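A.B. asks: Okay, sequence plus prediction incoming.
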Amino acid sequence: MITLTFFAPINFLDDLLLKFFSPETINNVVWPFIQIGLVVTLVAGWVAYATYLERKISAFMQARLGPMRVGPWGLLQPIADAIKLLTKEDFIPDKADRGIFFIAPYIAVASAFIVMAVIPFAPDWGIIADVNIGLLFVLAVSSVGVLALILAGWSSNSKYALLGGLRSSAQMVSYEVAMGLSLVGALMFARTLSLSGMVNAQSADSIWYVFYQPVGFLIFLVSGIAENNRAPFDLPEAESELVAGFHTEYSGMRWSLFFMAEYAAMVVVSAVAVTVYLGGWYFPFVYRFTEANGHHNLYVIVSLLVFIIKVLVVLYLYFWLRWTLPRFRYDQLMDIGWKWLIPSALINIVLSGLGIFLVQALNGWRGFKTMESISAGLNLTATGKALMIAMGLIGLIITGLLLSKITESGSSGFCQNRERQRPGLRFEIQM
Amino acid sequence: MERNRLLPSGRVGTGGGVETSRRTLHAVTQHGTGAGCPAWLALIMHQVEIATTRETLLDSPEMVLNMGPQHPSTHGVLRVILKLDGETVIDLDCDIGYLHRGMEKIAENRMYTMIAPYWDRLDYIAAVSNGLVWVETVEQMMGLVVPPRAHYLRTILTELNRIASHLLWLATHALDIGAVTVLLWALREREEILKIFERQFGARLTCHAWRIGGMPNDTYDDFEPDIRRFISNFPTRLDEYETVLSENRIWLSRTVGIGVISAEEAIAIGLSGPALRGSGVAWDIRKSRPYAAYADMDFDVPLGENGDTYDRYLVRLEEMRQSRRIVDQALDNLPDGPVNAKLPKIIKLPIGDYYHSIEGPKGEIGCYLVSDGTAQPWRVRVRPPSLINLQALKQMCLGHLVADVVAIIGTLDIVLGEIDR
């Protein structure tokens, strides 16, 4: 193991602060400010480089190079973009509702960034605010982002922007339902709404909830994409139909604020998915080799890296989907939300409850031992885990069957003419 | 608002309904609070008035949306005026002419050889095919015998051009429906064809490919290896597109059953090309009135069944495979010999009129030529397939959503240079 002198300054900073402030002030005021400053700066940088990443990944998928000119491998491209956007004219349409037009981008950015406050990036000082209703906070604040899109669409006084704003409001409101419902299953296992509590529950049980909750995870991912207006659900800004949707009339920095909000929201949704389903900062053996040996700060930093890597994996999934799939139509999108995701989320809740009940009922029956304890989260033995994972797979199958039933029952929407998977060409002629 | 009034359909343009109703709401609010009545009464009046204004907002369910001429997916400068109920199209009107260059009139004041470059700029995606219409019309009218090698080269290069045109169609059509990656993949293959064109004709897009009586010059040195390399790679690339699109459920749900036009309607409107064959009508000029060397070629004409966007997509993909077959055969049987016929110094056509058409990538592109016996034509009329195919837009779009309009414009594969001429 490497020595820890490198990480010593963090303790040193604590000592320095103690000379000026009381411990309470440090804990409740000074540290949070430092953390907030760090997170906002880092996330802003991350957002900028997420655009770079997306351009590079899309280039990789499309057999081209992507940004290569500014800096080595185009690494300074986001900075060049930022400078360009900052110096551009901030154009406001003549007939726009100026006040609302001004304020909408700020609402979008603020709602995306505020959510960062409750996300546990790492244990100990990696947590900014351990709110005990963290998950509700995330859902509540990120839904304020909808408001920004509606306001932007309305205030631009352009028909394309209006259509984009209305689409986005309908889309986000309906997908929020599915998103909230999909999280309930994981909550039943964690028995807490606090996000760091959920990570603790998963590390105490040494499992990621994605294994218990495959259906919930998939629903969360899909509705997360829709929530962020990313392809294939990017209808509010469907550039081929609505020019640029709700931000058609925006330019310069205001436009880029929307862009930042989109990427920040993407990071947030990935982070929540990682926290709730992929164990957050928890990774097997990290604790044993660091904290257990007395290397506390190393533990925190390795956990932070684990968290960031997991978030990047989910982000990559988002990029991948965006550059692979065509766009849904508006009515199909609504069909998926209401006819597929919400029913499957409800089934998922029922099945999760059934699974938990089964595990509890089987505990002690004929010498079965399924549970260790039930204190923080559900603490299962290997048998119990196998049972729950089996339940998760059964849930996946049942949901799939139900969805195919819904599809077959026929509707105008997404899956009409399913039997015509590959009609091919009927006949070829030789005249 | 003044600007909007100038437009023919009244409420077209930005602003319109939204702005009006908001202004009304504002006025009502001011009136309600400034009347000097008790606060509670003012509040109630305010609420009532807001409710009534809301009703006026809902009174007009229709919205007129002006799509284009500056719009990312109207494929140039097409302007479509949509009347929407929610997002459903209830009426539609096309406004064309933004790219009008008066080519038919210009042709009346040019020598026959001088007109040819204008034809390259009609359908600038398929300049090679367009150029062929003009030279073949003149050749046939003056009874010129073109050497067989020129015929074969014409076949090869127009088929390559058909592939290039269909690739660009696939790229933009997929982009309109949201599959961005296909755009760049398809352009990658089109690039290879354009490189061949560049070496053969000296231009990538507006190739002035033909001369009356044959070709300006014989092929360049690596002509055959270049094309062989392209056609050996091409089928796997086509399979790649099919992997991404053909069985993709989103693609299916966006294209199957969208923009349906029956065979009878298609014939009545006068559709041609893939738009007609997608509805199952067996009509291909390469088969029915063979020109160039098509009579010697063995190829199939793919037909759709349902006349929807997906069938037209399949037809075009299969046409690319068939074009590859034709190129392969023509290269195998490419005869030797001259590529040019002997021509008089000044071409004068006999008095009379003549119509000749070929199967362009977008449909039947024809030329009706009236000659008065001088060195300049008396009248040249282009039969532009895009313009005639565009007439089906309204029929195809009614009842669909705005997103489908974009898909349908894409599936018609129009080029505005040809529509406006």
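C.D. replies: That came through, no problem. Numbers count the residues shown, from 1 in each chain, chains lettered A, B, ... in the order given.
A.B. asks: Flag every residue of the stretch 251-400 of chain B that's near chain A.
C.D. replies: B:251-254, B:256-257, B:280, B:282, B:284, B:287-288, B:300-306, B:310-311, B:314-315, B:318 (CB under 8 Å from any CB of the partner chain). For glycine as for every other residue, the C-beta is placed from the backbone atoms N, C-alpha and C.
A.B. asks: ok, and for the helix or strand that contains A:Trp320, which residues are buried?
C.D. replies: Of the helices and strands defined by DSSP states H and E, A:Trp320 is found in helix A:296-322. Buried residues in helix A:296-322, counted by 16 or more other CB atoms under 10 Å in any protein chain shown: A:296-304, A:306-308, A:310-312, A:314-315, A:318-319, A:321-322.
A.B. asks: Please apply the same query to stretch B:228-239.
C.D. replies: B:Phe230, B:Ile231, B:Phe234, B:Arg237, B:Leu238.
A.B. asks: Now the residue of chain B found nearest chain A: closest residue in space, sequence neighbours ignored.
C.D. replies: When distances are taken as CB to the nearest CB, chain B reaches nearest to chain A at B:Gly178, 2.7 Å away. Of all residues not flanking B:Gly178 in the chain, A:Arg327 sits nearest, at 2.7 Å (CB to CB, 6 or more residues apart in numbering or on different chains).
A.B. asks: surely that neighbour meets B:Trp251?
C.D. replies: No: in this structure, A:Arg327 is not within contact of B:Trp251 by CB atoms under 8 Å, at 10.0 Å.
A.B. asks: Skipping adjacent residues, who's closest to B:Asp328 in space?
C.D. replies: Per CB to CB, 6+ apart, closest to B:Asp328 is B:Ile231, 5.8 Å.
A.B. asks: One more: A:Asp14?
C.D. replies: A:Ile26 (7.5 Å).
A.B. asks: ditto for A:Ile308
C.D. replies: A:Phe121 (8.0 Å).
A.B. asks: Let me see the contact set for that neighbour.
C.D. replies: Contact analysis of A:Phe121 by CB atoms under 8 Å, 6 or more residues apart in numbering or on different chains lists A:Val39, A:Ile127, A:Ile128, A:Trp281, A:Leu304, A:Phe307, A:Ile308.
A.B. asks: any chance of these in TSV, plus pLDDT?
C.D. replies: Listed next are the contacts of A:Phe121 as TSV, based on pLDDT from 0 to 100:
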residue	pLDDT
A:Val39	77
A:Ile127	75
A:Ile128	73
A:Trp281	81
A:Leu304	84
A:Phe307	88
A:Ile308	87
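A.B. asks: Which member of those residues is positioned nearest B:Val327?
C.D. replies: A:Ile308 (51.8 Å; CB to CB).
A.B. asks: ok, the residue of chain B closest to chain A - how many residues close by?
C.D. replies: 28 (other CB atoms under 10 Å in any protein chain shown).
A.B. asks: likewise B:Gly280?
C.D. replies: Neighbours around B:Gly280, by other CB under 10 Å: 18.
A.B. asks: Might one say that it is in contact with B:Pro302?
C.D. replies: No: B:Gly280 is not in contact with B:Pro302 according to CB under 8 Å; the separation is 10.5 Å.
A.B. asks: about what we covered before: out of the buried residues of stretch B:228-239, name the ones that lie in helices.
C.D. replies: B:Phe230, B:Ile231, B:Phe234, B:Arg237, B:Leu238 (DSSP state H).
A.B. asks: Give me the residue ranges of the chain where confidence is low.
C.D. replies: If you meant another chain, say so; for now it's chain A. By pLDDT under 70, the weakly predicted segments of chain A are A:1-12, A:235-242, A:367, A:370, A:372-377, A:407-431.
A.B. asks: actually it's chain B I care about, not the one you picked
C.D. replies: Those would be B:1-37, B:49-61, if you go by pLDDT under 70 across chain B.
A.B. asks: So which elements touch the lengthiest helix in chain B?
C.D. replies: Counting residues, the longest helix in chain B under DSSP H turns out to be helix B:148-177. For helix B:148-177, the helices and strands in contact under the criterion 3 or more CB pairs under 8 Å, 6 or more residues apart in numbering or on different chains; DSSP states H and E are helix A:239-242, helix B:127-142, helix B:180-201, helix B:223-245, helix B:249-255, helix B:309-332, helix B:402-412.
A.B. asks: What is the subsequent helix or strand relative to the shortest one?
C.D. replies: Stepping forward along the backbone from helix A:239-242, the first helix or strand reached (DSSP H and E) is helix A:252-277.
A.B. asks: Identify each buried residue in that following helix, please.
C.D. replies: Residues A:254-277 are the ones in helix A:252-277 that count as buried (16+ other CB under 10 Å).
A.B. asks: And that helix, how far out from the chain middle?
C.D. replies: 8 Å (CA atoms, centre = their mean, to the nearest Å).
A.B. asks: next one: stretch B:220-236
C.D. replies: On CA atoms, centre = their mean, the centre of stretch B:220-236 falls 27 Å from the chain's centre.
A.B. asks: Just the CA trace of it, in CSV.
C.D. replies: Extracted in CSV, the C-alpha atoms of stretch B:220-236 (Å, rounded to 0.1, in the frame of the first residue of the first chain):
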residue,chain,number,x,y,z
TYR,B,220,-9.0,7.3,-66.3
ASP,B,221,-6.4,4.6,-65.6
ASP,B,222,-7.7,3.1,-62.4
PHE,B,223,-11.4,3.5,-63.3
GLU,B,224,-12.2,-0.2,-63.2
PRO,B,225,-10.2,-1.1,-60.1
ASP,B,226,-11.7,1.8,-58.2
ILE,B,227,-15.3,0.8,-59.1
ARG,B,228,-14.5,-2.9,-58.4
ARG,B,229,-13.3,-2.0,-55.0
PHE,B,230,-16.3,0.1,-54.3
ILE,B,231,-18.8,-2.5,-55.4
SER,B,232,-17.1,-5.3,-53.5
ASN,B,233,-17.3,-3.3,-50.2
PHE,B,234,-20.7,-1.9,-50.8
PRO,B,235,-23.0,-4.8,-49.9
THR,B,236,-21.5,-5.2,-46.4
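A.B. asks: just to revisit the earlier point, filter the residues of the stretch 251-400 of chain B next to chain A down to the buried ones, ChimeraX style.
C.D. replies: To isolate the buried members of these in ChimeraX, using 16+ other CB under 10 Å:
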select /B:251,252,253,254,256,257,280,282,284,287,300,301,302,303,304,305,306,310,311,314,315,318
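A.B. asks: so A:Tyr49 touches A:Pro78, yeah?
C.D. replies: Yes: look at A:Tyr49 against A:Pro78 with CB under 8 Å: they come within range, at 5.8 Å.
A.B. asks: higher neighbour count, these two?
C.D. replies: Counted by other CB under 10 Å, A:Tyr49 and A:Pro78 do not tie: A:Pro78 has more neighbours, with 21 against 16.
A.B. asks: Just give the nearest non-adjacent residue to that one, would you?
C.D. replies: A:Ala48 (3.9 Å).
A.B. asks: So the one you found sits against A:Ala80, correct?
C.D. replies: No: using CB under 8 Å, A:Ala48 is not in contact with A:Ala80; the gap is 10.5 Å.
A.B. asks: If you count surrounding residues, which of those two has more?
C.D. replies: For A:Ala48 versus A:Ala80, neighbours defined as other CB under 10 Å are more numerous around A:Ala48 (19 against 14).
A.B. asks: tell me which element that one is part of?
C.D. replies: Counting by DSSP H and E, A:Ala48 is part of helix A:31-61.
A.B. asks: A:Ile389 too?
C.D. replies: helix A:382-408.
A.B. asks: List the buried residues of that helix.
C.D. replies: A:384-385, A:387-389, A:391-392, A:395-396, A:398-399, A:403, A:406-407.
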